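Engineer: Generate coordinates for the sequence data below:
(2 chains)
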There are 2 protein chains.
Amino acid sequence: MSSTKDIDALIDLMAKLPGLGPRSARRAVLHLIRKRSLLLIPLADTLQAVAETARECLNCGNVGTTDICDICTSEKRANGELCVVEDVADLWAMERSGVFKGRYHVLGGTLSALDAVGPQELRIPRLLDRVPSEGITEVILALNATIDGQTTAHYIADNLEGQVRLTSLAQGVPIGGELDYLDDGTITAAMRARKSF
Amino acid sequence: MSSTKDIDALIDLMAKLPGLGPRSARRAVLHLIRKRSLLLIPLADTLQAVAETARECLNCGNVGTTDICDICTSEKRANGELCVVEDVADLWAMERSGVFKGRYHVLGGTLSALDAVGPQELRIPRLLDRVPSEGITEVILALNATIDGQTTAHYIADNLEGQVRLTSLAQGVPIGGELDYLDDGTITAAMRARKSF
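Structural biologist: Numbers count the residues shown, from 1 in each chain, chains lettered A, B, ... in the order given. Okay, here's the model as predicted:
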């Protein structure tokens, strides 16, 4: 490549982002250089700001700019409901829907015997502490419907049995989903959980 | 989204990069925050450096960190050959192959009647100046094999006719290419330009 050191370094770093490879990283860097004032400078400044301030919430594992995140400090959200998710991306997806008004707990992954991930590697001990200390009345296990996700949900349920109400997300046909495109498991789940019309 | 201002702003900016949308931008930002010292800080620093130093070469349009780029200042590359490309990405692709030892001229696009791009909007006047002033003996028209690319090549050829040797890249079967997957136009071009084995 004929570009100079910084530009090469920038391409290498961009290529490490998920969803970008060497070719798309080169395209992105050229785009950035062409849109200097519109994109390159704001992006550089914002990254610097995020690098300085972004951190994980010590309580729930959400990403924010304070040691304890906005959701954990908000009194409005202390309604006794705690939604357990695998990842910050899941928390963001839940927040976009706007349907949940309680607090969250981000595990940071799922239990996995193969990858040697036990409860200590996740935020599970902290979850078991939070339930009594924050007066939680309902724990919603919003883990992914994968084998590891469901194993983790069962492990947490075993540990919280009798202390709180335990729920999980309903399974069924997605809104706008066409039956023809759904997998057998989803159709089976939707049929078993059918309700009166 | 429950994240705070800077993180939201970062997601919005990342989503403007080619190849990334809102979902992949969120994934990329979470990945950056998780890999703070390995990726986020180096990326922020490198972007800042590139924002300060990156510029277009005033002579050829290449991207570099000086007013006149390394290729234009290198005496070794003043061998009388000038390769005309549409875009900096094309120049980088050519440099990766390492086959060309001369200088480049980046047009910055192609002539296009529909988009009202005439010779003045591209770096064509500068190209016509460079040919006599840099003692160019051969101009290689390495423009894309699209209609606009070929129109532009013909326009340049008309203007340089008689002054220099004009060549273009060979067309044919790509190395490793399978005939079955090639379009008719490529097979026709390869057959017409066949050579003795």
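
Engineer: All the strands of chain A, residue numbers only.
Structural biologist: A:55-56, A:63-64, A:81-85, A:103-106, A:138-141, A:165-168 (DSSP state E).

Engineer: The fourth one pairs with which strands, parallel or anti?
Structural biologist: The reference is to strand A:103-106. In the sheet, strand A:103-106 lines up against strand A:81-85 (parallel) (DSSP bridges).

Engineer: Identify the residues contacting the strand it pairs with?
Structural biologist: Here strand A:81-85 makes contact (C-beta atoms under 8 Å, 6 or more residues apart in numbering or on different chains) with A:91, A:94, A:100-107, A:127, A:130-131, A:134, A:136-143, A:153, A:156. In short, each C-beta sits where N, CA and C put it, glycine included.

Engineer: Report the distance from it to the chain centre.
Structural biologist: Relative to its parent chain, strand A:81-85 has a centroid offset of 12 Å by C-alpha atoms, centre = their mean, to the nearest Å.

Engineer: And for stretch A:78-86?
Structural biologist: 13 Å.

Engineer: What of stretch A:31-46?
Structural biologist: 28 Å.

Engineer: do it and chain B meet?
Structural biologist: Yes: with C-beta under 8 Å from any C-beta of the partner chain as the criterion, chain B is reached by stretch A:31-46 at A:His31, A:Leu32, A:Ile33, A:Arg36, A:Leu39, A:Leu40, A:Ile41, A:Pro42, A:Leu43, A:Ala44, A:Thr46.

Engineer: okay, now the domains of chain A?
Structural biologist: For chain A, automatic domain parsing gives the domain ranges A:5-53, A:78-168.

Engineer: Buried ones from the contacts of strand A:81-85, can you make that a ChimeraX selection?
Structural biologist: In ChimeraX, a selection of the buried entries from those looks like this (16 or more other C-beta atoms under 10 Å in any protein chain shown):
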select /A:91,94,100,102,103,104,105,106,107,127,130,131,136,139,140,141,142,143,153,156
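
Engineer: Let me know how buried the nearest residue to A:Ile187 once chain neighbours are set aside is, in neighbour terms.
Structural biologist: Once flanking residues are discounted, A:Ile187 sits nearest to A:Leu179: 6.7 Å by C-beta to C-beta, 6 or more residues apart in numbering or on different chains. Neighbours of A:Leu179 under the rule other C-beta atoms under 10 Å in any protein chain shown: 9.

Engineer: ok, now A:Arg192?
Structural biologist: 9.

Engineer: Same check on A:Ser112?
Structural biologist: 15.

Engineer: sorry, back to before: among the residues of stretch A:31-46 next to chain B, which ones are buried?
Structural biologist: A:His31, A:Leu32, A:Ile33, A:Leu39, A:Leu40, A:Ile41, A:Pro42, A:Leu43, A:Ala44, A:Thr46.

Engineer: quick one: contacts for the second one?
Structural biologist: A:Leu32 is in contact with A:Leu10, A:Leu39, A:Leu40, A:Leu43, B:Leu17, B:Leu47, B:Val50, counting by C-beta under 8 Å, 6+ apart.

Engineer: And the pLDDT for it?
Structural biologist: pLDDT recorded at A:Leu32 is 94.

Engineer: ok, which pair from the contacts of A:Leu32 is furthest apart?
Structural biologist: For the contacts of A:Leu32, the farthest-apart pair by C-beta to C-beta is B:Leu17 and B:Val50; their separation is 14.0 Å.

Engineer: Take the buried ones among the residues of stretch A:31-46 next to chain B and lay them out in a markdown table including distance to B:Leu122.
Structural biologist: As requested, those are arranged in a markdown table below (distance: C-beta to C-beta, whole Å):
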| residue | distance to B:Leu122 |
| --- | --- |
| A:His31 | 19 |
| A:Leu32 | 22 |
| A:Ile33 | 18 |
| A:Leu39 | 23 |
| A:Leu40 | 23 |
| A:Ile41 | 26 |
| A:Pro42 | 28 |
| A:Leu43 | 28 |
| A:Ala44 | 29 |
| A:Thr46 | 33 |
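
Engineer: Which of the residues you listed fall in helices?
Structural biologist: A:His31, A:Leu32, A:Ile33, A:Ile41, A:Pro42, A:Leu43, A:Ala44, A:Thr46 (DSSP state H).

Engineer: Now stretch A:167-175: buried residues?
Structural biologist: Buried residues in stretch A:167-175 (16+ other C-beta under 10 Å): A:Gly172.

Engineer: contact partners of it?
Structural biologist: In contact with stretch A:167-175 (C-beta under 8 Å, 6+ apart) are residues A:138-143, A:145, A:153, A:179, A:182, A:186-187, A:189-190, A:193.

Engineer: If anything else comes up later, I'll come back, but that's it for now.
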